[in-house]
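J.: Give me the fold of what follows.
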Amino acid sequence: DIVITSANLVLPIVILCVESAILRFCFDKKYDPDELISSGLFVFLKGMIVCAAITFFVAVVPFFKVETSYLVAFYLMVFSTGMYNILTNYARGVDKVQYMVEMSLIITSASCLFNILLLVVFRCGVNGYLLANYLGAFTAVMWGAFRLKIHRHIHIKKVKKDTIRELQKFGFPLIFNKIGWWINSSSDRYIVTWILGATANGIYTVSYKIPTMLTACSDIFTQAWQLSAIKDFDPEDKDHFVANMYELYNGFLVLCCSVLIILTIPFAHILYAKSFFVAWKYVPPLMISFIFGGLSGFLGSIFTAVKDTKIFSYSTMIGATVNTILNFILVYYMGIMGAAIATLVSNVVIWLVRLQRSKRYISIRVNFVRHIVMYLLLVLQFIVCLLGFNIAPVIIQVVIFVLLIVVNRELIKNILEKIRIILRKYAKKR
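T.: Model prediction:
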């Protein structure tokens, strides 16, 4: 876990978030995609040389006392993940989204396959687990390079100083955004361990399993939305496209969150071991926090479209600071629940900062009063959920879910109407 967490922290620092810059600049007609991928890979390789030097230094200095196998795993993890991110973002930028989807499927399936082989069949232990992770990424990278015919697009002559400068200028502020999100997702675990012990941290870590379901769904939407935001950005939002998408995304997250909160205890029986079953109590606030994390990502796509990456680092670092301060206070007085609430509050802060800043670039005309009512209903459901999976609490939660459906009835009608039109078209073709 430390190797993977450290690799995720170091990666954006080493490669200067060049993958995000490649994606954004691919949509600017004045930039040649071949120049972007060539210059981006140059920045990546330069960063990996520095990373190799630092890793070697840590390996040979006795003070650090880190096993060589872990350092090798760390370096390969950074390298393979970095290449994977660059190729998937380049594929999206040159409108080869199907290749990105293929790479996503391959990294998941290959990692699972290698985990089974190395852990179950060959019983390689921790080193086998680490090896399986970066072999999965390498397999996806090789497939992506083949599908994109990347060798035809990279050339030393295509590496331009001006392009490198623009990529680094765009990507540098995103480093602090990535660090901020890392602090948001990891600092609470260190503080919980320090104040409450490793067992409490284990329980808190397990509680993230169910909210991850919502994250997986929201990530798919965010990736698709980011491309639309860059391509079709309109500061006045004349056709209400941004507002409609925000309403759709918000309604989707809220309704999914409500359903998952109702099913938290049944899911906990399935997903959690008996000794970690108590983790279900911390799922509802984490679920609600992931809503605001998703909405922050939605607004982030607007800043990507206008190339204002400074707000990413500004908003996320504010949220990380709030998270850290609240963790020290709330964990001490409220235990594990304090960490979950701190995460929720910090995500709300990031969302508010980005929402306020977005007004400089676009007017999102949505009914925020209605949204606040929905969020308050979710908080009420979170409190009721703590009463357990008895008849009365479940009925109250179902009533809250029905109220959320009523609040989003126009949105649901529109979605059902679009589905009906699609099905009608499909039936005519048949």
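J.: Check what contacts stretch 399-419 and list those residues.
T.: Outside of stretch 399-419, the residues within contact range by CB atoms under 8 Å, 6 or more residues apart in numbering are 247-248, 251, 254-255, 258-259, 262, 370, 373-374, 377-378, 380-381, 384. (C-beta placed from N, C-alpha, C; glycine too.)
J.: which of the residues you listed sit farthest apart?
T.: Farthest-apart pair in those is Leu248 and Val384; separation 26.8 Å (CB to CB).
J.: can you tell me which of the contacts of stretch 399-419 lies nearest to Gln98?
T.: Once CB to CB is applied, the member of these that ends up nearest Gln98 is Leu248, at 23.7 Å.
J.: confidence score at the nearest residue to the closest one once chain neighbours are set aside?
T.: Nearest-residue entry for Leu248: Leu411, 6.4 Å, with adjacent residues in sequence omitted and distances by CB to CB, 6 or more residues apart in numbering. pLDDT, Leu411: 81.
J.: repeat for Lys428
T.: 69.
J.: before we move on, back to that, tell me the buried residues within the contacts of stretch 399-419.
T.: The neighbour-count test (16 or more other CB atoms under 10 Å) marks 247-248, 251, 254-255, 258, 262, 374, 377-378, 381, 384 as buried among the contacts of stretch 399-419.
J.: what residues are up against Phe368?
T.: With contacts taken as CB under 8 Å, 6+ apart, Phe368 has no neighbouring residues.
J.: I'd like the distance between it and Gly294.
T.: Plainly put, Phe368 is 16 Å away from Gly294 if you go by CB to CB, to the nearest Å.
J.: and if you look at Ile318?
T.: Remark: distance between Ile318 and Gly294 (CB to CB) = 18 Å.
J.: When the two are compared, which one has more neighbours?
T.: Gly294 (24 against 16; other CB atoms under 10 Å).
J.: ok, back up a step: got a markdown table for the buried ones among the contacts of stretch 399-419, with pLDDT, distance to Phe303 and secondary structure too?
T.: Formatted as a markdown table, those follow (pLDDT from 0 to 100; distance: CB to CB, whole Å; DSSP: H, G, I helix; E, B strand; the rest coil):
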| residue | pLDDT | distance to Phe303 | secondary structure |
| --- | --- | --- | --- |
| Glu247 | 90 | 20 | helix |
| Leu248 | 89 | 20 | helix |
| Gly251 | 92 | 23 | helix |
| Val254 | 94 | 23 | helix |
| Leu255 | 93 | 27 | helix |
| Ser258 | 95 | 29 | helix |
| Ile262 | 94 | 34 | helix |
| Met374 | 95 | 25 | helix |
| Leu377 | 96 | 29 | helix |
| Leu378 | 96 | 26 | helix |
| Gln381 | 96 | 31 | helix |
| Val384 | 95 | 36 | helix |
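J.: any chance of the residues you listed in a markdown table, plus distance to Asn133?
T.: Below are the buried ones among the contacts of stretch 399-419 laid out as a markdown table (distance: CB to CB, whole Å):
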| residue | distance to Asn133 |
| --- | --- |
| Glu247 | 38 |
| Leu248 | 34 |
| Gly251 | 35 |
| Val254 | 34 |
| Leu255 | 33 |
| Ser258 | 34 |
| Ile262 | 34 |
| Met374 | 38 |
| Leu377 | 40 |
| Leu378 | 34 |
| Gln381 | 36 |
| Val384 | 39 |
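J.: for those residues, which one is nearest Val192?
T.: Val192 lies nearest to Leu378 out of the buried ones among the contacts of stretch 399-419, by CB to CB, at 23.7 Å.
J.: ok, which stretches of the stretch 1-150 of the chain are helices?
T.: 2-15, 18-25, 33-60, 68-93, 97-115, 125-148 (DSSP state H, counting those that start in this stretch).
J.: For the last one, what does the pLDDT average out to?
T.: Right, helix 125-148. Averaging pLDDT along helix 125-148 yields 92.
J.: before we move on, what about the second one?
T.: Within the predicted structure, the mean pLDDT of helix 18-25 is 95.
J.: The helices of the stretch 1-150 of the chain: lowest mean pLDDT?
T.: Sorting the helices of the stretch 1-150 of the chain by mean pLDDT places helix 2-15 lowest, at a mean of 87.
J.: in that helix, what's buried?
T.: Of all the residues in helix 2-15, those buried under the rule 16+ other CB under 10 Å are 3-4, 7-8, 10-15.
J.: next one: stretch 91-102
T.: For stretch 91-102, burial by neighbour count (16+ other CB under 10 Å) applies to 91-94, 96, 99-100, 102.
J.: Ok, stretch 53-64 next?
T.: By neighbour count on 16+ other CB under 10 Å, the buried set for stretch 53-64 is Thr55.
J.: now do stretch 122-142
T.: Those would be 124, 128-141, for stretch 122-142 by 16+ other CB under 10 Å.
J.: Closest one to Leu196 out of the residues you listed, please.
T.: Looking across these and measuring by CB to CB, the closest to Leu196 is Tyr129, at 26.5 Å.
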